[in-house]
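[1] I would like the atomic coordinates for the input below:
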Amino acid sequence: MISAIKRFFTSKKTYIGAAAIIIIGALLLLLVDTVIMPAYTNYDEGLTVPDVSQISLEEAQQQLTNYGLQYEVAERRSNTAYPADYVIDQTPSPAEIVKPNRKIYLTVNTESNPTVKVPDVTSLSYRNAKIQLQNNGLKVGTVSYESSRFKNSVLRQSVPASKVVPKGTVVDLAVSDGLGEKVVQVPNIRGLRLSEAQQKLQEVGLRVGEIRFKPSKEFEPNVILDFSPKKEEIVIGETIKLTVSERFNVKEESESGAVIDTTTNIASPDSTNK
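    Model prediction:
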């Protein structure tokens, strides 16, 4: 047995056969790489996408067919600048190089704007609500954050559910910041400078709301004279209204929701929850 194995590995026929197998395999790989796959994938072929926008759908279809491309009407929407059944957009864009038989997606103008029923996205996560609105042809507008228990859960939508609106209508969302039930102690900020008070409030997760300026002979400008609500503890994320000193004999002014002292950055709702 051992002698037979030894003869096999020392025989010239064995090495000749192995060499033949390797050469045949290499030739097959070369054939697949240079001939078969390029022919299958049209590797060396490319077409320049023609501009079929601002022409009728019938003309666009004819042009694309003549170029050896396919087409599909992906969307219909209203645009008063064009006649009905005119192409107003296309993907891929004109002048791009694509493979033969590539499908070109067309957006076609309609006489009337299609309508959709607004889905109910309250209580959904912001991500799911955004997908639901986009799948129904609606757009997500302004997203505001409010204190509530479940982070990133949609609390309200600007357009009521089930209302029929034109496609493309913008829907604003109010989203929970997840800070709803955590209670924090209100720091004593009376007598502090505005920037110091802002930092104190930021550290405990509170926001600065209305800032009212009041002339004072006793204090220098930008010192906290008072604040509200006057509670020992409040829910994290709530806003604190401030009364701030200014030079005496200056007309009283007020601002809402703005932090005028830029020496300190206020943390976003998300960052306070980390």
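[2] And the strands in the stretch 101-250 of the chain?
    For the stretch 101-250 of the chain, the strands defined by DSSP state E, counting those that start in this stretch occupy 103-110, 115-117, 139-146, 154-157, 164-166, 170-176, 183-185, 207-215, 224-228, 233-235, 239-246.
[3] buried residues in the fourth one?
    Residues Val154, Leu155, Gln157 are the ones in strand 154-157 that count as buried (16 or more other C-beta atoms under 10 Å). Using the backbone N, CA and C atoms, a C-beta is placed for each residue, glycine as well.
[4] For the closest residue to the first one other than its chain neighbours, which residues are in contact?
    When the adjacent residues along the chain are set aside, Val154 lies closest to Ala129, with 4.7 Å between them (C-beta to C-beta, 6 or more residues apart in numbering). Taking C-beta atoms under 8 Å, 6 or more residues apart in numbering as the definition of contact, the neighbours of Ala129 are Val121, Val140, Val154, Gln157, Leu173.
[5] my read: the first one touches Ser153, true?
    No. Taking contact to mean C-beta atoms under 8 Å, the distance of 10.3 Å between Val121 and Ser153 leaves them out of contact.
[6] Export the contacts of Ala129 as a markdown table, with columns for pLDDT.
    Formatted as a markdown table, the entries for the contacts of Ala129 read as follows, by pLDDT from 0 to 100:
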| residue | pLDDT |
| --- | --- |
| Val121 | 94 |
| Val140 | 93 |
| Val154 | 92 |
| Gln157 | 95 |
| Leu173 | 94 |
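[7] mind giving me JSON lines with those and columns for distance to Lys6?
    Output for the contacts of Ala129, formatted as JSON lines (distance: C-beta to C-beta, whole Å):
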{"residue": "Val121", "distance to Lys6": "78"}
{"residue": "Val140", "distance to Lys6": "77"}
{"residue": "Val154", "distance to Lys6": "79"}
{"residue": "Gln157", "distance to Lys6": "83"}
{"residue": "Leu173", "distance to Lys6": "80"}
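[8] quick check, nearest of these to Ile236?
    Of all these, the one sitting nearest Ile236 is Val154; the distance, using C-beta to C-beta, is 20.3 Å.
[9] what's across from that closest one in the sheet?
    Beta-bridge partners of Val154, counted by DSSP bridges, are Val175.
[10] What's the end-to-end length of stretch 145-161?
    End-to-end span of stretch 145-161 (C-alpha to C-alpha, to the nearest Å): 20 Å.
[11] Report the buried residues of that stretch.
    Buried residues in stretch 145-161 (16+ other C-beta under 10 Å): Tyr145, Ser147, Ser148, Lys151, Asn152, Ser153, Val154, Leu155, Gln157, Val159.
[12] where along this protein do the helices fall?
    Along the chain, counting by DSSP state H, helices occupy 2-10, 12-31, 37-41, 57-66, 126-135, 194-203.
[13] domains of this protein?
    Using the TED database, the domain parsing of the chain gives 1-41, 47-109, 115-176, 183-247.
[14] per-residue pLDDT, the closest residue in space to Val223 that isn't next to it in sequence?
    Beyond its immediate neighbours in the sequence, the residue positioned closest to Val223 (C-beta to C-beta, 6+ apart) is Ser245, lying 4.5 Å away. You'll see Ser245 listed with a pLDDT of 92.
[15] Name the residues linked to Ser245 by a beta bridge.
    Lys214.
[16] Check the spacing between it and Glu220 real quick.
    Counting by C-beta to C-beta, to the nearest Å, the gap between Ser245 and Glu220 amounts to 7 Å.
[17] Looking at the two, which is more packed in?
    Ser245 (21 against 10; other C-beta atoms under 10 Å).
[18] Go ahead and confirm that one touches Phe219.
    Yes. If you go by C-beta under 8 Å, Ser245 and Phe219 touch, sitting 4.2 Å apart.
[19] Identify the contacts common to these two.
    Common contact partners of Ser245 and Phe219 (C-beta under 8 Å, 6+ apart): Leu225.
[20] got any ranges where the stretch 51-200 of the chain has weak pLDDT?
    For the stretch 51-200 of the chain, applying pLDDT under 70 flags the ranges 179-181.
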